[in-house]
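Asks: Fold the stuff below for me.
(chains A, B, C and D)
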Number of protein chains: 2
Amino acid sequence: MLIRRLGEPYAGQFAIPGGFVLHDESLPVAAARELVEETGYRAKYLEQLYTFGDPDRDPRGRVVTVAYFALVPEDQALAAGSDAGEVKWFPMSNLPPLAFDHAEILRVAHDRLKAKLDYSEVGFNLLPAEFSLSDLQEVHETILGHPIDPRNFRRKLDSRGLVKETDHYRYTGRKPARLYTFAGVNPSAE
Amino acid sequence: MLIRRLGEPYAGQFAIPGGFVLHDESLPVAAARELVEETGYRAKYLEQLYTFGDPDRDPRGRVVTVAYFALVPEDQALAAGSDAGEVKWFPMSNLPPLAFDHAEILRVAHDRLKAKLDYSEVGFNLLPAEFSLSDLQEVHETILGHPIDPRNFRRKLDSRGLVKETDHYRYTGRKPARLYTFAGVNPSAE
DNA sequence: ACAAAAGTGTTCCATATACACCCATGT
DNA sequence: ACATGGGTGTATATGGAACACTTTTGT
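Replies: Predicted structure coming up:
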């Protein structure tokens, strides 16, 4: 999710939402605050990504960016009343030109997310509380960029006890999909 | 490797070497420079670890620390003429009380090193150019904190083609150990 | 001869991968 | 009835873990 920059430098280009840390604020709190202010979205998962500090990465002068990445469920609608300008979602495979070194930051974030996906439980943060196994599989396929065999995927899920079935179904005109919830503890971080 | 602090706060306590980034200096260059200045050691491997930014982690005021971890081969002797005060090595299992949140930083560094050890090749950065397989195994055992079976260890090494044998041996009064070199590309980073 | 570290194979188990068909529903 | 996405089992390959003895040297 990117925002279109209003001021210079890089006015009119897309950039990762962000801003300056307040004097008595921790880094993750600052990241979450800037995200809400600029986009209206609340981060469900927030993890420190990497710190970018090359002296010339910002034409205005020396700026060190402690980048965080946030995950937000699909159904988490844009809150009203944000002071955001244009906020837009892009697939990683089709990004617009980005301000500063933000393309590099996104690349690092995508790599990290792919790496974490199968040894941690971050994927659940991209889904609503109840979801079908196909939903979850689709999230994984989207992030990893390749198809997954549904039998293997489901086997892994229940060998790790990651999901709990509910007795709810989603009726979408075809065979109804059983809905599941995340079986672990609170999937958030930071 | 820790240094004893001279000034306040935490005067006399041990701390991770470090200091402030110069205005036109990149973060890894600053980390390497501070390490040399304060300890005389040159980092053979340097990797960004994590950024610590809690508002109250330094009693003097808001200080954000971008922590790096460095690996140094055993045989890399302390350079003469460093302006260091007391520099001392400690086993992770027996650390002295540390200044600031440095105990936490070391914990994170140790975890990261353990995690990287078997999917990357960082271990070689702790050894001289030629080493015996027992040396390498000992490095791994020390970092991981548990013994490793030598047959499994060697099998893994050559299934991954990580080492090249030389025709040198080390004669130490027992059966001589064949010496190996790292077979990968330059093991450094950053 | 013996002490000490170097070096060497096989078995077993767990996990990952490849692969194709039936099921339940709405229209 | 059929189209659509939901749901299921088996066989094979691969990597990790457990396990003990022989070899070579200096003393």
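Asks: Quick one: list the elements packing against the top helix by length along chain A.
Replies: The longest helix of chain A (DSSP state H) is helix A:102-117. Contact here means 3 or more CB pairs under 8 Å, 6 or more residues apart in numbering or on different chains; DSSP states H and E; on that basis helix A:102-117 packs against strand A:45-52, strand A:65-71, helix A:133-144. No exception for glycine: its C-beta is placed from N, CA and C like everyone else's.
Asks: again, only using 6 Å
Replies: Taking 3 or more CB pairs under 6 Å, 6 or more residues apart in numbering or on different chains; DSSP states H and E as contact, the helices and strands that helix A:102-117 lies on are helix A:133-144.
Asks: Also compute the angle for the helix it packs on relative to strand A:65-71, please.
Replies: Here helix A:133-144 runs at 160 degrees with respect to strand A:65-71, directions being taken by axes from the mean of the first three to the mean of the last three CA atoms, to 10 degrees.
Asks: close to DNA strand C, is helix A:133-144?
Replies: No. Shown here: helix A:133-144 not in contact with DNA strand C (CB under 7 Å from any atom of the strand), separated by at least 10.8 Å.
Asks: measure residue A:21 to residue B:175 for me?
Replies: Going from residue A:21 to residue B:175 by CB to CB, to the nearest Å gives 59 Å.
Asks: More neighbours: which of the two?
Replies: Between residue A:21 and residue B:175, counted using other CB atoms under 10 Å in any protein chain shown, the more crowded position is residue A:21 (19 against 7).
Asks: ok, now which ones touch the more buried one?
Replies: Shown in contact with residue A:21 (CB atoms under 6 Å, 6 or more residues apart in numbering or on different chains): residue A:30.
Asks: how much space between it and DNA strand C?
Replies: According to CB to the nearest atom of the strand, to the nearest Å, residue A:21 and DNA strand C sit 39 Å apart.
Asks: Same check on residue A:150?
Replies: Distance of residue A:150 to DNA strand C, computed by CB to the nearest atom of the strand: 6 Å.
Asks: burial count for that residue?
Replies: Look at residue A:150: counted by other CB under 10 Å, it has 11 neighbours.
Asks: go on, residue A:92?
Replies: By the criterion of other CB under 10 Å, residue A:92 has 14 neighbours.
Asks: Other residues contacting stretch A:106-118?
Replies: Under the contact criterion CB under 6 Å, 6+ apart, stretch A:106-118 has outside partners A:49, A:50, A:69, A:92, A:122, A:123, A:143, A:144.
Asks: Let's see that with 7 Å instead.
Replies: Outside of stretch A:106-118, the residues within contact range by CB atoms under 7 Å, 6 or more residues apart in numbering or on different chains are A:49, A:50, A:69, A:92, A:95, A:122, A:123, A:140, A:143, A:144.
Asks: Going by neighbour count, which of those residues are buried?
Replies: Listed as buried from the contacts of stretch A:106-118 are A:49, A:50, A:69, A:122, A:123, A:140, A:143; burial here means 16 or more other CB atoms under 10 Å in any protein chain shown.
Asks: As CSV, those with pLDDT would be great.
Replies: Output for those, formatted as CSV (pLDDT from 0 to 100):
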residue, pLDDT
A:49, 98
A:50, 98
A:69, 96
A:122, 92
A:123, 92
A:140, 96
A:143, 94
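Asks: among these, which are within reach of chain B?
Replies: Counting by CB under 7 Å from any CB of the partner chain, the subset of these that neighbours chain B consists of residue A:50.
Asks: Show me what the lowest-mean-pLDDT helix or strand in chain A pairs with in its sheet, parallel or antiparallel.
Replies: Lowest mean confidence among the helices and strands of chain A (mean pLDDT, DSSP states H and E): strand A:87-88, at a mean of 92. Paired neighbours of strand A:87-88 in the sheet (DSSP bridges): strand A:2-4 (antiparallel).
Asks: Beta-bridge partners for the most centrally placed residue in chain A, please?
Replies: Centroid-nearest residue in chain A, with CA atoms, centre = their mean: residue A:71, separated by 2.8 Å. Taking DSSP bridges as the rule, residue A:71 bridges to residue A:45.
Asks: Tell me if I'm right that it and residue A:47 touch.
Replies: No. Look at residue A:71 against residue A:47 with CB atoms under 7 Å: they stay out of range, at 8.5 Å.
Asks: who's in contact with the least confident helix or strand of chain A?
Replies: Residues from elsewhere that reach strand A:87-88 (CB under 7 Å, 6+ apart): A:1, A:2, A:3, A:39, A:78.
Asks: quick one: buried residues of stretch A:93-101?
Replies: Judged by neighbour count using 16+ other CB under 10 Å, the buried positions of stretch A:93-101 are A:98, A:99, A:100, A:101.
Asks: so does the longest helix of chain A get close to DNA strand C?
Replies: No. Contact between helix A:102-117 and DNA strand C is absent, the nearest approach being 12.2 Å (criterion: CB under 7 Å from any atom of the strand).
Asks: got the angle for that helix vs helix A:133-144?
Replies: Computed by the same axes, to 10 degrees, the angle separating helix A:102-117 from helix A:133-144 equals 130 degrees.
Asks: Closest one to DNA strand D out of the contacts of stretch A:106-118, please.
Replies: Here the nearest of those to DNA strand D, counting by CB to the nearest atom of the strand, is residue A:140; it sits at 13.4 Å.
Asks: How far off centre is stretch A:121-130?
Replies: Put simply, stretch A:121-130 sits 11 Å off its chain's centre (CA atoms, centre = their mean, to the nearest Å).
Asks: Is there proximity between it and DNA strand C?
Replies: No. Counting by CB under 7 Å from any atom of the strand, DNA strand C has no neighbours in stretch A:121-130; the shortest distance is 14.3 Å.
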